[in-house]
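J.: Got a predicted structure plus its sequence, pasted below:
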There are 2 protein chains.
Amino acid sequence: MGGDFAPRNIVAGAFEALRETGSRFEVLLVGPEALINEEIKSRQPDNLRCGVVNANQVIDMDDGPTAALRKKRDSTIAVGISLQNEGKAEAFISAGNTGAVMSASTLILGRVAGVGRPTIGAFFPSEKGVCLLLDAGANVDCKPQHLYEFGVMGSIYVKEMFGFERPLVGLLNIGEEDSKGTETVREAYKLLKESKLNFVGNVEGRDILQGKAHVVVCDGFVGNVVLKFGESVPGFFKGMIRQYVSENIFRKLAAVFIRNSMRSAFKSMDYEEHGGVPVLGVNGVSIIGHGKSTPKAIKNMILKAEEMVNKKINTRIQEALSGAV
Amino acid sequence: MGGDFAPRNIVAGAFEALRETGSRFEVLLVGPEALINEEIKSRQPDNLRCGVVNANQVIDMDDGPTAALRKKRDSTIAVGISLQNEGKAEAFISAGNTGAVMSASTLILGRVAGVGRPTIGAFFPSEKGVCLLLDAGANVDCKPQHLYEFGVMGSIYVKEMFGFERPLVGLLNIGEEDSKGTETVREAYKLLKESKLNFVGNVEGRDILQGKAHVVVCDGFVGNVVLKFGESVPGFFKGMIRQYVSENIFRKLAAVFIRNSMRSAFKSMDYEEHGGVPVLGVNGVSIIGHGKSTPKAIKNMILKAEEMVNKKINTRIQEALSGAV
């Protein structure tokens, strides 16, 4: 029931995933049973492996995560995530309230041994292909140890899911020298430098898009600001260019030709394309997508979830961190 | 001697400013006398009001500000700023080391009464015309009172220099609710809300370009990251679009027509266009420009400096803050 187009896009995306993979896995749709069944029936489920789990409450996009989880115990998010504890599912995906999915994942699934703070990141396009910035808003106040853990978790995710053998990990700072930044950041620098990670040192705001690292570590305040700033860039440019182009018929014609280039450039800023963002550091798989997720985006998230299960990301994280605390 | 093209662009820009205004003011060029005089002579100074002040040391762009100021007492930055204390100048502009100009301005000119931390900001284009984000890197650790002061100083600057009667002031945060963010930010929220400023509350990363406020307040760590991220956006898009366009002759032709629109959109991300950024909260006028400043940018900075003197920005700041501490 999460996001702006539920349950329609969610069910449609689930069906796409099942059809494309020949029902390689089962999808359990969590929500008000009658409503979900109606949505399913209208789509000819054939022999797709698709079940329904009833849950009658919905956490809205603007609900406060903690209060919502306390009050809405029968929410689709809480019920859906709990399926992993009950052995009925191996992964959860949602286009719903990010904070609620993050909190519920941590509370219900628990933290991986050695992880102080589970995290969610944000994907940016970069000249190296992709840059995972984390934390992107879940952890506002971070200790050096947390920033170090983000580096480990991000490095494992990027290695396993994107195939970079020794991912470059950078620490977001306001200059390259190790004397720069707050005390927390300077301490995190030491931890990262002493670690087994492929640490490239401090990176600056410009290095995210310029691809100086595959993983960029920061606290959730900075990460969230950069994420939202980045998301606003395409719309801003589009508006400026639209205005300019509309002034003249030649420009309008010309715009048709390069429209696709603009689209692809702008699309690369859209983290939805990466199949949602994972909650890292919890005992289970939990993926959060954009509230406006299309069926295709939902399908991508389901496939990513399957991949995360198969690649045992959390086991890798536990192996890397459980000895370190 | 500051920046990548000194003294050439600096002298050229000074001459442009003098010619354009009919020598409405005098420009003192600070640097190694022989070198500067040679540069002046090659440009037919006619009757322009232009003097030279000798200073033999240069602080490089990658010098650490504090150490450089201690070791290089005869630097162009230190000598140039000191002219205001000696009553020989009313403003200073530089395309040199930002940190050194910031530190020297604070040390030599002193803080305006009531200001705990002088600040430098960054200009962003926005749907409201302009957004001044401050602090942009001078103050990494900020107390709530400092953030409040940034709001006051930014509001005065934007009002006086851009003509917005009651500038909208926002506090950069990770959500709109007043419960969001770090303790420092939540405390700053209260101070700003109780103040006489036209406070719009919390704003998020996306609101900078979308123009929710004329002034956006944050600590220098976040501000610097956003500033540098923003500066890297045009280059990133240009690279992507150039690659796409080069694949096909029609796209190449089309690109010619809308090239100007791209240029103007990208240019609006360039803070140099705004005539440098002022150091706010010091007893004097000090403006810092980009290291790659063109003669035109230098001219704009000189004109901005004149305007700041005429509009008595620092007196306004003192009036607003001296009773508040």
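T.: Structure received.

J.: Identify the residue nearest the geometric centre of chain A.
T.: Geometric centre of chain A, nearest residue: residue A:277, 1.1 Å, by C-alpha atoms, centre = their mean.

J.: Would you check that that one makes contact with residue A:293?
T.: No: assessed by C-beta atoms under 8 Å, residue A:277 is found out of contact with residue A:293, at 11.8 Å. No exception for glycine: its C-beta is placed from N, CA and C like everyone else's.

J.: For the helix or strand harbouring residue A:11, which helices and strands make contact with it?
T.: According to DSSP states H and E, residue A:11 maps onto helix A:8-21. The contact analysis (3 or more C-beta pairs under 8 Å, 6 or more residues apart in numbering or on different chains; DSSP states H and E) places helix A:8-21 against strand A:27-31, helix A:33-41, strand A:50-54, helix A:295-310.

J.: if we go to 7 Å?
T.: Under the contact criterion of 3 or more C-beta pairs under 7 Å, 6 or more residues apart in numbering or on different chains; DSSP states H and E, helix A:8-21 touches strand A:27-31, helix A:33-41, helix A:295-310.

J.: Measure how that helix sits relative to strand A:27-31, angle-wise.
T.: Here helix A:8-21 runs at an angle of 170 degrees relative to strand A:27-31 (axes from the mean of the first three to the mean of the last three C-alpha atoms, to 10 degrees).

J.: right, and residue A:211 touches residue A:128 too?
T.: Yes: at 3.4 Å, residue A:211 counts as touching residue A:128 under the criterion of C-beta atoms under 7 Å.

J.: got the contact list for residue A:74?
T.: Residues in contact with residue A:74, defined by C-beta atoms under 7 Å, 6 or more residues apart in numbering or on different chains, are A:55, A:56, A:57.

J.: which of these tops the neighbour count?
T.: Counting neighbours by other C-beta atoms under 10 Å in any protein chain shown, the top entry in the contacts of residue A:74 is residue A:55, with 23 neighbours.

J.: Which residue, neighbours along the chain excluded, lies closest to that residue?
T.: Of all residues not flanking residue A:55 in the chain, residue A:79 sits nearest, at 3.8 Å (C-beta to C-beta, 6 or more residues apart in numbering or on different chains).

J.: distance of the one you found from chain B?
T.: The gap separating residue A:79 from chain B is 26 Å, by C-beta to the nearest C-beta, to the nearest Å.

J.: Residue A:47 now?
T.: According to C-beta to the nearest C-beta, residue A:47 stands 42 Å off from chain B.

J.: Which phi and psi values does that residue adopt?
T.: Torsion angles at residue A:47 (phi, psi; degrees, to the nearest 10) stand at phi -110, psi 30.

J.: Can you tell me the closest non-neighbouring residue to it?
T.: Excluding the flanking residues, the one nearest residue A:47 by C-beta to C-beta, 6+ apart is residue A:23, at 7.2 Å.

J.: Touching, that neighbour and residue A:51? I think so.
T.: No: the criterion here is C-beta under 7 Å, and residue A:23 misses it with residue A:51 at 11.6 Å.

J.: The strand ranked longest in chain A near chain B anywhere?
T.: Identified as the longest strand of chain A according to DSSP state E is strand A:119-126. No: applying C-beta under 7 Å from any C-beta of the partner chain, one finds strand A:119-126 separated from chain B by no less than 7.6 Å.

J.: buried set for that strand?
T.: Neighbour counts over strand A:119-126 (16 or more other C-beta atoms under 10 Å in any protein chain shown) mark A:119, A:120, A:121, A:122, A:123, A:124, A:125, A:126 as buried.

J.: Export those as JSON lines, with columns for pLDDT.
T.: Below are the buried residues of strand A:119-126 laid out as JSON lines (pLDDT from 0 to 100):
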{"residue": "A:119", "pLDDT": "97"}
{"residue": "A:120", "pLDDT": "96"}
{"residue": "A:121", "pLDDT": "94"}
{"residue": "A:122", "pLDDT": "93"}
{"residue": "A:123", "pLDDT": "92"}
{"residue": "A:124", "pLDDT": "91"}
{"residue": "A:125", "pLDDT": "88"}
{"residue": "A:126", "pLDDT": "87"}
